[in-house]
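*Asks:* The sequence and its predicted three-dimensional model are supplied below.
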Amino acid sequence: MKKQKLYLVVKIILLIAIVFPIIICIMINTVLKDKFDVYNSTNFIIFLIIEFINIFILIKLINKKDVNNKVFILIICYLIISALIPVFHLGYTIIPEGQKSELMGLGLKESYRSIYGINITKLVDNFF
């Protein structure tokens with residue numbers, strides 16, 4: 001019974017890992033496109049590769065009908081690694097603040113996000 005629960009958890013995680021990035025991609029490329037007034041670029045090749053790998057793993061898992069702890073750990077490691085690969089490159093202008101800010105020009109702020117919408121730029125700034 002314990003393996004059945006683990007199998008169900010892995011299937012749900014992979015379904016979320018397939019559907020959630022598609023929603024993020026649609027939001028960044030359509031709904032939020034006006035928010036990033038300088039540019040918004042998506043690396044669709046990496047996006048599609050990660051999505052195909054997710055779909056492939058899910059299909060293999062459905063056909064296998066059994067999962068052990070090693071497979072679960074490998075899938076979680078894969079999802080963590082894929083969450084650190086930059087897919088979306090977003091940029092927008094910022095207005096400088098502070099003393100003599102009227103003498104400065106506009107600034108450009110760049111942000112790199114993963115397939116799951118995680119802001120990789122903030123992670124790098126916080127840890128390094």
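*Replies:* Received, thanks.
*Asks:* Give me the below-cutoff pLDDT ranges for this protein.
*Replies:* 1, 35-38, 101-105 (pLDDT under 70).
*Asks:* Please enumerate the helices of the protein.
*Replies:* 2-26, 44-64, 69-82, 120-127 (DSSP state H).
*Asks:* Show me the one of those helices that comes nearest residue 112.
*Replies:* For the helices of the chain, proximity to residue 112 was assessed by CB to CB; helix 120-127 is nearest, at 4.6 Å. C-beta: built from backbone N, CA, C; applies to glycine.
*Asks:* Output the contacting helices and strands for that closest one.
*Replies:* Using 3 or more CB pairs under 8 Å, 6 or more residues apart in numbering; DSSP states H and E, the elements in contact with helix 120-127 are strand 107-114.
*Asks:* list the contacts for the closest residue to residue 55 other than its chain neighbours?
*Replies:* Nearest residue to residue 55, sequence neighbours excluded (CB to CB, 6 or more residues apart in numbering): residue 18, at 6.1 Å. For residue 18, the contacting residues are 51, 54, 55, 58, by CB atoms under 8 Å, 6 or more residues apart in numbering.
*Asks:* among those residues, who's most crowded?
*Replies:* residue 54 (23 neighbours; other CB atoms under 10 Å).
*Asks:* Contacts only, for residue 121.
*Replies:* 110, 111, 112.
*Asks:* Redo those as a markdown table? Include distance to residue 14 and neighbour count.
*Replies:* Listed next are the contacts of residue 121 as a markdown table, based on distance: CB to CB, whole Å; neighbours: other CB atoms under 10 Å:
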| residue | distance to residue 14 | neighbour count |
| --- | --- | --- |
| 110 | 31 | 12 |
| 111 | 27 | 16 |
| 112 | 24 | 18 |
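*Asks:* All good on my end, thank you.
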